[in-house]
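Q: give the three-dimensional model of this entry:
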Amino acid sequence: MAQIKYFTNLIVLVSLLLSSKVAKAQDTEPRRWTNLPLGIKVVGVGYGYTFGDVLFDPVLEAENVKVTAHTMVASYVQPFRIGKKFARLDVFIPVSNARWEGLLQGVPASVTRSGLLDPRVRLSYHILGPPALNLQQLQEYLKEHRVYTTLGASLAINVPLGQYSEEYLLNLGINQFVFRPQLGVTHNRGLWSAELDVSTYIYTKNDNFFNDGSKDQNPLFAAQAHLVKRFNSGLWASIGTAYGLGGTSRVNRLSKDDERSNLLNSAAIGFPVGKFQSAKLAYVNTQTLTDVGSNTNNIVLGWSIVFP
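A: Here you go, the predicted structure:
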């Protein structure tokens, strides 16, 4: 029973960290590379509340801007095998209601956007670690291997289907495909695990940018680390940190002084609810280390159910 609770304790929820365009730039995702047993499906839903300050390029003459956003995410996870190796497919569909308030050219102004954010699809493959196993086999493997290391690789794609209009400077979607290759390693020792992964966000060109313009964006390089403690009851807790650098943009072929340098710190707790359900509570603080970006607080609630 404890092992079943352990596997149902998997919340598949992304903290949507809102930048000045309410586009997800970075995330922190503990237990990202946990093996799931074959033959199950995981469906999740999450809610995120984001509030804080947004720092715009001074040329826009927007000051003292604050953002509040309510975001819902539906997710689906399907584990499968490639050869003898573990693989999984993740699908995330987010919607949001966001409001910005501040001074525009010294005059109070506000804007609200509601609708779909850019959905994301992700394919992951474990290069090292436990093989692809069913629930009983995976339980036996973990009993015999109290210490093991997992190395995984993935490719995530953000699809530009979110709310977007070239008439607006602020949108929920960004009208760009975002490709994110990622490598991650997790070392498990008993009830503890240490996680580290690195990734790159690669952006396609937006030919329908604001005011009939175009926008290119350099890659954003990101890394995150987590320390996770599991308990025999099925509960788990984690602390983590992440950093991102890059993402300088060019509007109408003119380079902007808007390189991102973001620091994220997070804490999360997850616990079983019944036999095949679980819940998660997380807090993520985002700070920009440059003059452009956002300083936000994010509170995330999640729930998931496993279908055997």
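
Q: and the strands in the stretch 101-250 of the chain?
A: Using DSSP state E, counting those that start in this stretch, the strands of the stretch 101-250 of the chain run over 107-116, 120-128, 147-158, 178-189, 192-203, 206-209, 213-217, 220-230, 236-246, 249-251.

Q: mind checking which of these is nearest Asn265?
A: With CB to CB as the criterion, Asn265 lies closest to strand 236-246 of the strands of the stretch 101-250 of the chain, at 5.2 Å. Every residue, glycine included, has its C-beta placed from N, CA and C.

Q: check which helices and strands that closest one is in contact with.
A: strand 220-230, strand 260-272 (3 or more CB pairs under 8 Å, 6 or more residues apart in numbering; DSSP states H and E).

Q: any idea how far the nearest residue to Ala242 once chain neighbours are set aside is from Val45?
A: Distance criterion CB to CB, 6 or more residues apart in numbering; nearest residue to Ala242, sequence neighbours excluded, is Gln224 at 3.6 Å. Separation of Gln224 from Val45 (CB to CB, to the nearest Å): 23 Å.

Q: looking at these two, which one has more neighbours?
A: Per other CB atoms under 10 Å, whichever of Gln224 and Val45 has more neighbours is Gln224, with 24 against 16.

Q: hang on, the earlier thing: so which of the strands of the stretch 101-250 of the chain is nearest Asn285?
A: Nearest to Asn285, of the strands of the stretch 101-250 of the chain and by CB to CB, is strand 236-246 at 10.0 Å.

Q: that closest one to strand 260-272, inter-axis angle?
A: Strand 236-246 and strand 260-272 are oriented at 160 degrees to each other (axes from the mean of the first three to the mean of the last three CA atoms, to 10 degrees).

Q: list the contacts of the nearest residue to Pro308 once chain neighbours are set aside.
A: Of all residues not flanking Pro308 in the chain, Ile40 sits nearest, at 5.5 Å (CB to CB, 6+ apart). Shown in contact with Ile40 (CB atoms under 8 Å, 6 or more residues apart in numbering): Phe7, Pro79, Leu135, Val306, Phe307, Pro308.

Q: repeat for Asn211
A: Taking CB under 8 Å, 6+ apart, one finds Glu166 in contact with Asn211.

Q: start at 54, not 1
A: Happy to do that; since the first residue is 54 now, the last one works out to Asn264.

Q: look at it and report its pLDDT.
A: pLDDT for Asn264: 88.

Q: the bottom helix or strand of this protein by mean pLDDT?
A: Taking mean pLDDT, DSSP states H and E as the measure, the chain has helix 55-61 as its least confident helix or strand, at a mean of 40.

Q: quick revisit: closest to Phe145 out of the strands of the stretch 154-303 of the chain?
A: strand 173-181 (4.5 Å).

Q: where are the low-confidence patches of the stretch 54-203 of the chain?
A: Low-confidence segments of the stretch 54-203 of the chain (pLDDT under 70): 54-78, 112.

Q: nope, the stretch 254-361 of the chain is what I meant
A: In the stretch 254-361 of the chain, no residues with pLDDT under 70.

Q: hmm, 90 instead?
A: 264, 308-311, 327-328, 344-345, 361 (pLDDT under 90).

Q: report the beta-bridge partners for the residue nearest to Ala295.
A: Asp250, Ala295 (DSSP bridges).

Q: wait, doesn't it sit right on Leu236?
A: No. The criterion here is CB atoms under 8 Å, and Gln277 misses it with Leu236 at 11.6 Å.

Q: fine, thanks again, bye for now.
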